[in-house]
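>>> what's the 3D shape of this:
(chains A, B and C)
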Amino acid sequence: MIINHPLLGPRDASEFIYLGDASLIDRPDWNSENAAQQFYEYLYLRDNPAGTIRELWFHEYGDRSWLVVTRNTLTHEIVNVELARDIDREEKHSR
Amino acid sequence: MLKPSLNAVSPLNGYSKTFASIKLSEVTELAIVSITFSLNETSSFKEAFSKYYGNSLPEYGSSTLSKDSTFRFMSMQPGMIFAIYEYVGLEPISVLTSQLGATAFFSDQSDSSFILRLSGKNLHKILERVCAPDLSNKPFPPNSVARTTVDHLNAIILHEKNNNFLFISPRSSARSFLNALETSIENTL
Amino acid sequence: MKQKNRTSGGLIERNKPLVFHFNNLRYEGFLGDTVASALIANNQRLVARSFKYHRPRGIFSAGPEEPNALVQLRLGAHLEPNTRATVTELFDGLIAKSQNHLGSLEFDFLEINNLLSPLLSAGFYYKTFMWPKSFWEKIYEPIIRASAGLGCLSNEPDPDIYDKGFLHCDVLVIGGGPAGLAAALIAGRSGVRTILADEDFLIGGRLNAETFTINGMKGSDWAVQTAAELEHLPNVRLLTRTTVYGAFDHGVYGAVERCTDHLASSNGRPRQVLWRIYSKRTIVSTGATERPIAFSNNDRPGIMLAGSVRTYLNRWAVTPGKRVAIFTNNDDGWRTANDLRGKDINVIAVIDTRDKPPPFKYSDTKVFMGSHILDVIGHKGVTALKLPHGKSIEADCIAVAGGWNPNVHLTCHHRGRPTWCKDISAFIPGEELPTGMTVAGAANGTLALSAALKQGSDAGSTAARDTGHNVVAQEVLNAEDEPSEISPFWHVEENKKRAWIDMQNDVTVQDIEMAYMEGFRSVEHVKRYTTLSMATDQGKTANTVAVAVLAELTGKTIPQTGVTIYRPPYTPVSISALAGRQRGNQFRPTQLCPSHTWATEQNAVFVEAGLWKRAQFFPKKEENHWRQSVNREVLQTRKSVGVCDVTTLGKFDVQGTDALKFLNYIYANDLTTLAVGKVRYGLMLREDGLIMDDGTIARLAKNHYITTSTTANAAQVLRHMEFCHQCLWPNLNVHIISVTEQWGQFAISGPNSRHLLQKIVDREIDISNHSFPYMACSEITICNGIPARLFRISFSGELGYEIAIPARYGDALIRRLMSAGEEFDIVPYGTEALSIMRIEKGHPAGAELNGQTTARDLGMQRLVAKNKDFIGNILSKRPELNRKDGLALVGFIPIDRRDKLSAGAHFFSLNKDIITNNDEGWMTSVAISPNLGHSIGLGLIKRGNDRIGETVKAANLLQKQYVKVEIVTPYFIDPEGERLRA
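As a prediction, the model looks like this:
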């Protein structure tokens, strides 16, 4: 499997370590009223679609960046790879 | 000022070996310092860097030399560059802080790695046994740098100049790494 | 007469004769022969005994699809079973033996299985060996084990070496036959970075087996010329003897190159290389494999694939028989008749199943159209064949032509399925191919030469264009388009004698019929029930015939019946090749501490901690049990001073204006009160509230911290910190650098540790108790200006420090510490003593931080901050993790001091039965304390803190040991911590 690093180009998957679903980026607010419920869902509940998913991969043997990889679990095609820190800046801009 | 009373030991004890026309040897007396700068605000660092070292920062996967060629700067990830330069002394960081000052953070990595130089003709036959990334001349011309895995060990590979490659890898696994390179050479002789 | 079956011509080197042995008989051949072609040359028809029925078998094909001619090659440790004689290159001194017979090949005692065949049909083992039950272990199983399997191993380690490599290209061409050569030629000439791989030792595919011409030149000569041009192009790499065995994701292919299998010895060179090939485009030009027709006794030696007979004749200049009959359902079978007649070999008959005029008229060959073979006479080799209407013909070879199957395997490795093509009565590549893959030539169902060449050229052009190259003009390649009309005919239905489909696993038409009778319908089920296609040849000559037979039985069409799933590898890949260099002590890398050389000089015994080698203990000459050494190390350290290399711990430089803010997010502790020059014990939780790791946090300067982790979790902690920084809090100004390797670190413990340190720190550094109290830290210099970091922390519970210096001085420092410490009787201590001391001190380590425990369980709730956001905060408050009767870490001592405690023993109240419902916790760590003189333990037990003084039982159910233990404080030594603060 090849992951096309946005800065370094295509690299073999053996340079990376998989963590889990990209939703792990959206950590709940600890101060919210139902924080416990939110953290529980954040950590344990997942959709499991046959098709496109977004995952977190760590480039451990490369540049140590966290990447969000959009991958199709049926065809194994990787449609997009972005730096996790870039996504987050957009989403969390308002915080 | 008294001389330090402890002797330094290099990870591979000054290893050097020739295999037909291929030479593999340890490089000592090079300092390696990682320079990290904030991605939120880079202008002060870039200014200081250009002032003292002349050229702009290296692109990802590449390296540049300072105008007087004393320093080589390598870029492999956002927000950090590695500086490699000849240095014999106890405070390698001081050489950089005197110029870049408070625009960045420095961490001495001179002891965390060992350096091996591989030189000779037709190195590609050896390199294709070493690691997955394509190290041939077109995608990896001189001054290119890549960080990857070699037999499950972290390694920085620098295409120093034609027919010369540097391998930089964690000190503690130096012997295993050396073994991996020697095997690659012997298997392709 | 030597090599009596040799004919003229061929692509062998007659000026290079070779000698080899088969079953201890001496034979001769030539360079360029395979073992099979040389055996045929010498008229050795019988080469094997079949797997189940031990029937005599001969060479069936001329390629990797061979089901019968499996031999055992070489001797001693190099012995390799199940080698296909058809692809084994002959070398001088080669030694081969037949397999799978009791007694000689000629007289196999186990042929009695053949007589028992009604009892041994498909799936017989599902219906037998059940009664009596007692017979299973002593009688049935040993017999089955002895008879199962094909060939036998040397039982010695593989003496050869293997290697791995990585290749990159724009275009990978798989298969160097006409289509592949044409594709590689145009791509190569257009400057494309090309790899052409072929499994054979002579590139050219069928061009070397047929009498084709290209542009007026002999096909095999055109192949040689083309290969030479490709060799000279700097952008083309030719890999012969290389099988591309699997198509993986994203244009990645696996290939095995056989470097020395064709030589008498590998002479220290890698025998095989496993290549991972990264391609942007791939052209599959893997050709096609012929299939037979099934008829009674069609497995006799001398019955071969018709195309293979041509290969032996044209490439290897041997004829498998002197009176050859052809049995065909298509035009291609006639080509064999023509080629044989061209070499003056007697073609006694052509039997064509098609009811039409014969394509050729022969004066001296009997032709039977619309006919078939009813039976074969001959036991150890064909002597005659029977036709309908009582006709019988004498023959010593039957060349069977049942049609050609495109080699679609690689196109289906991504769970694709091939499509049925009526025109050629075969499966061709399906609609969905792996990314970047195209198919050309016979592999694509384009069986005719001229069309295959054109298709190859076209594919090469397209691939060149797709990879951004200007394509040169296509060269016109003039060749024939040989006729290939076929009428499906899969098996002869008359006659009740067994007709073979899968030769290697001995599966017959009758077995398929029985599977159907027993209710199996799906092709996947029939495969597994009959074991069809499950042998080393993966049914290459059997699959389609079987599918056709099953289709007939079920009344479905062949496409409706479908084929089983294709999986890599295409042909067998040895485990040695997959392992590559990772064998013996090169299996994993080793990490050595800075004091390793010195420790080796001390004859330390080492232990593996992950990839690190750590000194476990330092035995003295007079000591002959490890506990003597370890007790000495513990006692001496607590009495005076000991030193231990602790470099392996994860160490991280955390710098930046938001460093403190960041650390507060990832540690449970409130770090806002951590002053410059102070260290704190830190607890890192997982988001689910359980402890991930522990370590220390040292503040060297306002925005400069050093954190540590356990050795085992170093990589994971770095990963986690980077995750928190990049994914959760990317706007913080913080930089994390791993400095585990940068700093060699030693723990110096014991009442004299300060005195020792004062001898090596530079004079101006003040490390008195007042200036450098417990939990202080500082950057210092030692030994005349060498930068170092000193931390006053203790794992042992004694007055202790950890000193870090640049790793290059690690060796010199341990020697200096040892010589400076002589006056204090300093002792080096290893991981065993380290462990005993921390257990004596009640300090949690890996066994307590096993991912199942919380801060509360370990009595550390006071460390956890109340009012800040940090990883694990919210979920650590879950009720189940905070039960009143929850676990607590306490100490345990045996009531009878002579008893030894076991880690992993579970606790039960004295009056309760030892069942799961009554389980109250478990022992996490144990040690025999030299200070207390008996076994001690740490463990987690419900409401432990309220039960100090109580006696419970510790049950070790594995060794059936039950020990009465008293619950005590976990701080066995210096519970007030006075020594730490001395």
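>>> Please count neighbours and contacts with C-alpha atoms only from this point.
OK.
>>> Would you quantify the distance from C:K661 to chain A?
Going from C:K661 to chain A by Cα to the nearest Cα, to the nearest Å gives 16 Å.
>>> burial count for that residue?
Residues contacting C:K661 under the criterion other Cα atoms under 10 Å in any protein chain shown number 15.
>>> for the one 10 residues further on, same thing?
Around C:L671 sit 18 other residues, with neighbours defined as other Cα under 10 Å.
>>> residues making contact with stretch C:514-528?
Stretch C:514-528 is contacted from outside by C:122, C:512, C:529-530, C:532-534, C:547, C:550, C:553-554, C:561-564, using Cα atoms under 8 Å, 6 or more residues apart in numbering or on different chains.
>>> Return the members of those residues classed as buried.
Among the contacts of stretch C:514-528, those classed as buried by 16 or more other Cα atoms under 10 Å in any protein chain shown are C:122, C:512, C:529-530, C:532-533, C:547, C:550, C:561-564.
>>> Who are the contact partners of C:N911?
By Cα under 8 Å, 6+ apart, the contact set of C:N911 is empty.
>>> give me phi/psi at it?
Note on C:N911: its backbone torsions stand at phi -90, psi 10 [degrees, to the nearest 10].
>>> ok, now C:I186?
Backbone torsions of C:I186, given as degrees, to the nearest 10, read phi -70, psi -40.
>>> Show me what stretch C:476-488 is in contact with.
Residues outside stretch C:476-488 that contact it (Cα under 8 Å, 6+ apart) are C:212-216, C:329-332, C:353-354, C:403, C:423-425, C:447-451, C:453-454.
>>> What residues of that stretch count as buried?
Within stretch C:476-488, the residues scored as buried using 16+ other Cα under 10 Å are C:477-479, C:484, C:486-488.
>>> which residues does the residue positioned nearest the centre of chain B bridge with?
Here the mean C-alpha position of chain B is nearest to the C-alpha of B:I168 (Cα atoms, centre = their mean), at a distance of 5.3 Å. Here B:I168 sits in beta bridges with B:I115, B:I156, going by DSSP bridges.
>>> and it, how far is that from C:W612?
Per Cα to Cα, to the nearest Å, B:I168 is found 19 Å from C:W612.
>>> Pull stretch A:52-71 out as PDB, backbone CA atoms only.
What follows is stretch A:52-71 as a C-alpha-only set of coordinates in PDB (Å, rounded to 0.1, in the frame of the first residue of the first chain):
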ATOM      1  CA  THR A  52     -14.900   5.700   1.800                       C
ATOM      2  CA  ILE A  53     -13.500   6.300   5.300                       C
ATOM      3  CA  ARG A  54     -11.100   8.800   6.800                       C
ATOM      4  CA  GLU A  55      -8.300   7.500   9.000                       C
ATOM      5  CA  LEU A  56      -5.400   8.800  11.000                       C
ATOM      6  CA  TRP A  57      -1.900   7.600  10.100                       C
ATOM      7  CA  PHE A  58       1.400   8.500  11.800                       C
ATOM      8  CA  HIS A  59       4.400   8.800   9.600                       C
ATOM      9  CA  GLU A  60       6.600   7.200  12.300                       C
ATOM     10  CA  TYR A  61       9.500   6.300  10.100                       C
ATOM     11  CA  GLY A  62       9.400   9.400   8.100                       C
ATOM     12  CA  ASP A  63       8.600  13.000   9.100                       C
ATOM     13  CA  ARG A  64       6.500  12.100  12.200                       C
ATOM     14  CA  SER A  65       3.500  14.000  10.800                       C
ATOM     15  CA  TRP A  66       0.000  12.900  11.400                       C
ATOM     16  CA  LEU A  67      -2.000  12.400   8.200                       C
ATOM     17  CA  VAL A  68      -5.700  12.100   7.500                       C
ATOM     18  CA  VAL A  69      -6.100   9.500   4.700                       C
ATOM     19  CA  THR A  70      -9.300   9.100   2.800                       C
ATOM     20  CA  ARG A  71      -9.500   5.600   1.700                       C
END
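>>> is it anywhere near chain C?
Yes - against chain C, stretch A:52-71 shows contacts by Cα under 8 Å from any Cα of the partner chain at A:58, A:60, A:64-66.
>>> out of those, what pair is the most spread apart?
Longest distance between any two of those is 8.8 Å, between A:E60 and A:W66; criterion Cα to Cα.
>>> So these two - more neighbours on which side?
Counted by other Cα under 10 Å, A:E60 and A:W66 do not tie: A:W66 has more neighbours, with 26 against 21.
>>> give the contact list for that one.
Counted by Cα under 8 Å, 6+ apart, A:W66 has contacts A:56-59, A:83-85, C:722-723, C:726-727.
>>> same question, C:G830
Contacts of C:G830 (Cα under 8 Å, 6+ apart): C:614-618, C:630, C:644-645.
>>> which pair in the residues you listed spans the largest distance?
Based on Cα to Cα, the longest span within the contacts of C:G830 runs between C:V630 and C:D645 and measures 15.4 Å.
>>> More neighbours: which of the two?
With neighbours defined as other Cα under 10 Å, C:V630 and C:D645 compare such that C:D645 has more, 26 against 23.
>>> And the more buried one, how far from chain B?
13 Å.
>>> check contacts around that residue.
By Cα under 8 Å, 6+ apart, the contact set of C:D645 is C:593, C:595, C:744-747, C:830.
>>> Try it again at 7 Å.
Listed by Cα atoms under 7 Å, 6 or more residues apart in numbering or on different chains, the contact set of C:D645 reads C:595, C:745-747.
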